[in-house]
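Chemist: This is the structure alone, sequence omitted:
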C-alpha cells in the first residue's frame, strides 16, 4: 500500500466484526506489510518475542523486526489464519518466525512460550508486550466481573507474566517494550476498564524501568493513538468505527506500519539512552486534549 493512499477518517466506513476479528475479514485492510519501511540492520541477529502478533500492530512489528535482522516468536490466542500470514510475511524477509498459540492470562503459558522461544533460537533479547482485550460499555454498571477480569488479566497480568518469564534471559542492552494507549492518558467514556489497564501499563513501564536500570535493560512503552487494526471493527460500535480517527490533528487513523518504527527505536541501540519513556505516536491526539 502506497503511503499517499492511507485513508482519511472520512474514508473509514462502519463495519462490525465478531470478536476476535480477523484482519483478513476487514473491508479496508490495514497497512501492515511494511512496504514503505526502510531497514538498516538495527536488530541484526537479535531474538524477539511479540504478544498479540497475529495481526495489526503486532504483525507490523514482527515484520519490521525481521527486516532489521531479528528472528521472532509471535504469541496469539485464536486466529490461526492471521498468525500464519504473519509468519509468511516475516519469512519473506529472510528471518525465522515461531508461532505460539497461547493465552497470556495464563502464567504457565507465558513461561512456556518464553522457554519455547529460547529453546528454538538459543536466546532472547527483546520482549514486546502487545496483546490486548477491550469491550465497550456505555455504563459502568454494565461491566461484568467476567469482562473486568478478562480485560485486566489480558492487558496487565499478561504483561507482568511475560516480563517475569523473559527477564531471566535478558541481559545488558536488551529491551522490553510495552504497548500502552493514548486513552490511558486521556480516558474514554466507552472503555473504562480498558483505559484503567492502559494507565496501569504506563505506570508498570516507568517502575520496571527504574528497577532494571542498573542491569542496563531498558523498559519503555509506545502510546498509540487511533490505529486501524482488527480490534476496531471487532470491539467498537459501528458508529464509532465510522470516521475512525477524525479527532487527531492529521485527520486520519494511524496504520500499523506507522507504529512499527517506534518499536524498532526502543528495541535497538538507537534507543540506548531511552528508558521509562511513554512514546506517543498519535497523529496529534495529545495527552492533554479532551
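Modeler: That came through fine. Just so it is clear, the model here is predicted, and its values are computed rather than measured.

Chemist: Name the SS class of residue 75, please.
Modeler: Secondary structure state of residue 75, per DSSP: H, G, I helix; E, B strand; the rest coil, is strand.

Chemist: That one: neighbour count?
Modeler: By other Cβ atoms under 10 Å, the residues close to residue 75 number 31. No exception for glycine: its C-beta is placed from N, CA and C like everyone else's.

Chemist: So for it, what pLDDT did the model give?
Modeler: Note on residue 75: pLDDT of 98.

Chemist: list the contacts for the residue nearest to it when sequence neighbours are not counted?
Modeler: Nearest non-adjacent residue to residue 75, counting by Cβ to Cβ, 6 or more residues apart in numbering: residue 51, 4.4 Å away. Shown in contact with residue 51 (Cβ atoms under 8 Å, 6 or more residues apart in numbering): 58, 74, 75, 104, 128, 129, 130, 131, 158, 162.

Chemist: what's near enough to touch the second one?
Modeler: This points to residue 74. 49-51, 53-54, 58, 62, 83, 86-87, 90, 97-100.

Chemist: Tell me the one among those residues nearest to residue 9.
Modeler: Residue 9 lies nearest to residue 58 out of those, by Cβ to Cβ, at 23.5 Å.

Chemist: Tell me the buried residues in stretch 45-52?
Modeler: With burial defined by 16 or more other Cβ atoms under 10 Å, the residues of stretch 45-52 counted as buried are 46, 47, 48, 49, 50, 51, 52.

Chemist: Figure out the length between the terminal residues of stretch 245-257.
Modeler: 16 Å (Cα to Cα, to the nearest Å).

Chemist: And for stretch 137-148?
Modeler: 11 Å.

Chemist: Please determine how far residue 267 is located from residue 33.
Modeler: In this view, residue 267 and residue 33 are 20 Å apart by Cβ to Cβ, to the nearest Å.

Chemist: okay, these two: which has more neighbours?
Modeler: residue 267 (28 against 17).

Chemist: Hmm, that one is touching residue 48, no?
Modeler: Yes. Contact between residue 267 and residue 48 holds when scored by Cβ atoms under 8 Å: they sit 6.9 Å apart.

Chemist: Spell out which residues are contacts of both of those two.
Modeler: Shared contacts of residue 267 and residue 48, counting by Cβ under 8 Å, 6+ apart, come down to 65, 126, 128.
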